[in-house]
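Student: Pasting a predicted model and its sequence here:
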Amino acid sequence: MRDYLPVDPTGHVPVDAADRAVRLSTPPSPAGPAVHLGGGRWAVRVADVSAYGERVRDARFFGHDREVSRAIALLRHRDGYSFDPVDGSPLTFDDEGIRAAGASGRPLFPRVNPAVIGLVHLAGAERILLGRNAARGSYFSLIAGYVDAGENLEEAFAREVWEEVGRRVTDVTYWGSQPWAISGSLMVGFTAITSDREAVGGTDGEIIETRWVSREELADLPLAPPGSIAHAMISDWRDS
């Protein structure tokens, strides 16, 4: 027996009154590509998911739901690849809708882009550094960015902190990770320490405001939404 999770091109999924992702007993029509999630469960691309649930939720809401995140990421991969990037030949996907190959037969698997994110602690003070991103200025979040070629994860996080907020960090320590289907990423979380209360280097303009925040002050700030690793890391520090 199969069931089908409808997903629209922007990563929205229908949910029921209890905010659970809706799964259909028959494939929706009309529908685009489908990908196998395991067992009898499939995800299928549809143009509009609003007719299938009480309301819709986007990929951020399902940050900790591994199956829904996988569905969004796999369908995003299907949308992004129609031709072999090496020889330009049309791609054919396997029966599960996941692995593809062109004329050469060389397999093409879904791409995962590693990214880093983390809590920067001010040495000698119970405060963390939060910033407002120029592209998402309605809330405060953590410093984050993609891993560059030739970097390890710790180097990438230290570089992002330097480039975005002009602080030098030490003691970069792994915290945890989370898939982020919106961008096809794997978000890898770290903690680090800085003695630079103020910026000591130039910045790249991505962060338009920074604040050193205490636990008590968090309640008065708009923060990264639930479901994101940023929200989880800030909440973990607040409750520690």
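Tutor: Arrived safely.
Student: which residue is nearest the middle of this structure?
Tutor: With distances taken as CA atoms, centre = their mean, residue 180 lies nearest the centre of the chain, 2.1 Å away.
Student: Next one: it relative to residue 63, how far apart?
Tutor: Distance of residue 180 to residue 63, computed by CB to CB, to the nearest Å: 7 Å. C-beta here means a position set from N, CA and C on the backbone, and glycine is covered the same way.
Student: And the residue nearest to the centre of the chain, how close does it get to residue 40?
Tutor: Where residue 40 is concerned, residue 180 sits at a distance of 27 Å (CB to CB).
Student: Likewise for residue 136?
Tutor: 37 Å.
Student: Kindly report the same for residue 228.
Tutor: 30 Å.
Student: Compare neighbour counts for these two and give me the winner.
Tutor: Set residue 228 next to residue 40 and count neighbours by other CB atoms under 10 Å: residue 228 wins out with 22 against 10.
Student: My guess is the more buried one contacts residue 62. True?
Tutor: No. Between residue 228 and residue 62 there is no contact under CB atoms under 8 Å: 10.7 Å.
Student: Flag every buried residue along stretch 222-239.
Tutor: 223, 224, 227, 228, 229, 230, 231, 232, 233, 234, 237 (16 or more other CB atoms under 10 Å).
Student: Can you lay out those as CSV showing secondary structure?
Tutor: Formatted as CSV, those follow (DSSP: H, G, I helix; E, B strand; the rest coil):
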residue, secondary structure
223, strand
224, coil
227, coil
228, coil
229, helix
230, helix
231, helix
232, helix
233, helix
234, helix
237, helix
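Student: among the residues you listed, which two are most distant?
Tutor: 227 and 237 (17.4 Å; CB to CB).
Student: Who are the packing partners of the top helix by length along the chain?
Tutor: Of all segments of type helix in the chain, defined using DSSP state H, the longest is helix 66-80. When contacts are defined as 3 or more CB pairs under 8 Å, 6 or more residues apart in numbering; DSSP states H and E, helix 66-80 packs onto strand 3-7, strand 13-15, strand 34-38, strand 41-45, strand 170-180.
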